[in-house]
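Enquirer: sequence unavailable; structure follows:
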């Protein structure tokens, strides 16, 4: 059983690191220099080159992120929701970059 | 059986069909291929349309404010509402509402005030907690979650798995063993508030169905008042069993709708796609696939409508519902598989809905009782009574 948290090491959000990503579907987290998650996202079936495209867009947009980490998964929708719920359970609120997700009825998790 | 739609049924089906094609399908073009929900404003707009159609709240008995639509017509509607990409598990993105937890219609007046009416008004959401890690096909024996009486309360300990909607629910209907010496006669149904101390939604259970997940629940000395026993102590299995039987008809209808959509797309594609100098539709290999699709669709449709007709007449329909569920889930799986074959490489891309239907349809052969359990249900009935 996979862990509910995405706890891979952070990588620097640079053009070279992002260019090396495969064009696969999955989820990602963006963080500031302190490792504070500022956005959770996913590369879904409409993304041009999967995680690479999404992270390239994040890099171009700026927004204070300097690190990222990814997880390749075909179940990106349920994993995305899970990461949002786990973040709320751990920190009490959504990441600042996920304010739009507050508009919908997000569930509650109490991970062990 | 000679089944012909009444004029009213034909009108309703036509109305719903146009709603799906003109309102629902276009919205999916801007969503992720695995999405199971709309933007809130889009969903609200769809609901306003189904309310205007007089079809919102299908499955809610008229005495509780639902439309007066019989189960046969509901089945015909369910065959239509699943005919889009997300339709198998999110028919029309919930625009027709639903009956919610039908077991609550049997609740006492106090429970109706606290749970049923708020649920029908959309103020509270509930989940159905039956399946456990120890098994789901034989719930009467597999239930190990225990409830022990302590004064005016019951103390619940145990776990549930594959439970949809628990993470966003306000309460749930939870089945627990209250008499270890009895099988199905030792199970009680409780209404558990989601904010009960000791009740936890531990994790998302990831499956082939990415946009619509189940969860794993844990109960650690969760204290539930006796007033929240639904029905009678040790009589909970009948509540679960009734739900499982009734649910098999719309479950089958959803599979049939997807199969019809896949068949329609396959025929259209075969009439446009040319290989080796001729249309696919002229190839016998393709023609036979389409014919086999139609046999699977019609067989499942007749069986499902037969089950609905018996239910509408108030006759026992357990065998027919089991047969419909088995035929529809297995037949529709074959139809979607053939549709992928007809579409070739495009069939497995996310540009088309087939790959999602293929993944989700695989679950349908297990959910609400796997094919093997449907056969057990039918065999029990056949050996207990002559069928003909």
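Expert: Alright, I've got the coordinates. Since this is a predicted model, take the numbers as computed values, not measurements. Numbers count the residues shown, from 1 in each chain, chains lettered A, B, ... in the order given.
Enquirer: quick one, strands of the chain?
Expert: Just going to use chain A. Remark: strands assigned in chain A by DSSP state E are A:11-12, A:26-31, A:37-43, A:67-72.
Enquirer: that answer is for a different chain, and I need it for chain B
Expert: B:126-129, B:146-150, B:153-164, B:171-177, B:187-193, B:199-205, B:214-225, B:229-230, B:274-275, B:278-279.
Enquirer: out of those strands, which comes closest to residue A:6?
Expert: strand B:199-205 (12.9 Å; C-beta to C-beta). Where C-beta positions appear, they are placed from N, C-alpha and C, glycine not excepted.
Enquirer: so who does the nearest residue to residue B:19 once chain neighbours are set aside touch?
Expert: Leaving aside its chain neighbours, residue B:19 sits nearest to residue B:49 (6.6 Å; criterion: C-beta to C-beta, 6 or more residues apart in numbering or on different chains). The contact partners of residue B:49, by C-beta atoms under 8 Å, 6 or more residues apart in numbering or on different chains, come to B:19, B:23, B:95.
Enquirer: now residue B:49: how far from residue B:16?
Expert: 11 Å (C-beta to C-beta, to the nearest Å).
Enquirer: also residue B:374?
Expert: 28 Å.
Enquirer: contacts only, for whatever residue of the stretch 251-388 of chain B ends up closest to chain A.
Expert: Per C-beta to the nearest C-beta, residue B:350 is where the stretch 251-388 of chain B lies closest to chain A, at 3.7 Å. Residues near residue B:350 by C-beta under 8 Å, 6+ apart: A:45-46, B:33, B:356.
Enquirer: what about the helices in chain A?
Expert: Along chain A, counting by DSSP state H, helices occupy A:15-19, A:50-61, A:76-91.
Enquirer: need the ones you listed in CSV with distance to chain B, can you?
Expert: As requested, the helices of chain A are exported to CSV (distance: least, C-beta to the nearest C-beta, whole Å):
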stretch, distance to chain B
helix A:15-19, 21
helix A:50-61, 11
helix A:76-91, 4
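Enquirer: I'd like these laid out as TSV, including mean neighbour count.
Expert: TSV is the format used below for these (neighbours: other C-beta atoms under 10 Å in any protein chain shown):
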stretch	mean neighbour count
helix A:15-19	13
helix A:50-61	18
helix A:76-91	21
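Enquirer: with mean pLDDT added, can I get the ones you listed in TSV?
Expert: Shown next, in TSV, are the helices of chain A (pLDDT from 0 to 100):
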stretch	mean pLDDT
helix A:15-19	97
helix A:50-61	95
helix A:76-91	95
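Enquirer: export the ones you listed to TSV and append columns for distance to residue B:213.
Expert: Converted to TSV, the helices of chain A look like this (distance: least, C-beta to C-beta, whole Å):
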stretch	distance to residue B:213
helix A:15-19	29
helix A:50-61	21
helix A:76-91	4
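Enquirer: residue B:89 is nearest to which of those helices?
Expert: helix A:76-91 (11.9 Å).
Enquirer: name the helices or strands packed onto the closest one?
Expert: strand A:26-31, strand A:37-43, strand B:199-205 (3 or more C-beta pairs under 8 Å, 6 or more residues apart in numbering or on different chains; DSSP states H and E).
Enquirer: residue A:9 is nearest to which of those?
Expert: strand A:26-31 (11.3 Å).
Enquirer: packing partners of that closest one?
Expert: Against strand A:26-31 (3+ C-beta pairs under 8 Å, 6+ apart) you get strand A:37-43, helix A:50-61, strand A:67-72, helix A:76-91.
Enquirer: give me the mean pLDDT for that strand.
Expert: In this model, strand A:26-31 carries a mean pLDDT of 97.
Enquirer: ok and it relative to strand A:37-43, angle-wise?
Expert: 160 degrees (axes from the mean of the first three to the mean of the last three C-alpha atoms, to 10 degrees).
Enquirer: strand A:26-31: how far from the chain's middle?
Expert: Computed by C-alpha atoms, centre = their mean, to the nearest Å, the chain-centroid distance of strand A:26-31 equals 2 Å.
Enquirer: next: stretch B:128-139.
Expert: The answer for stretch B:128-139 is 16 Å, by C-alpha atoms, centre = their mean.
Enquirer: residue B:340: what's it in contact with?
Expert: Counting by C-beta under 8 Å, 6+ apart, residue B:340 touches B:347-348, B:354-355, B:358.
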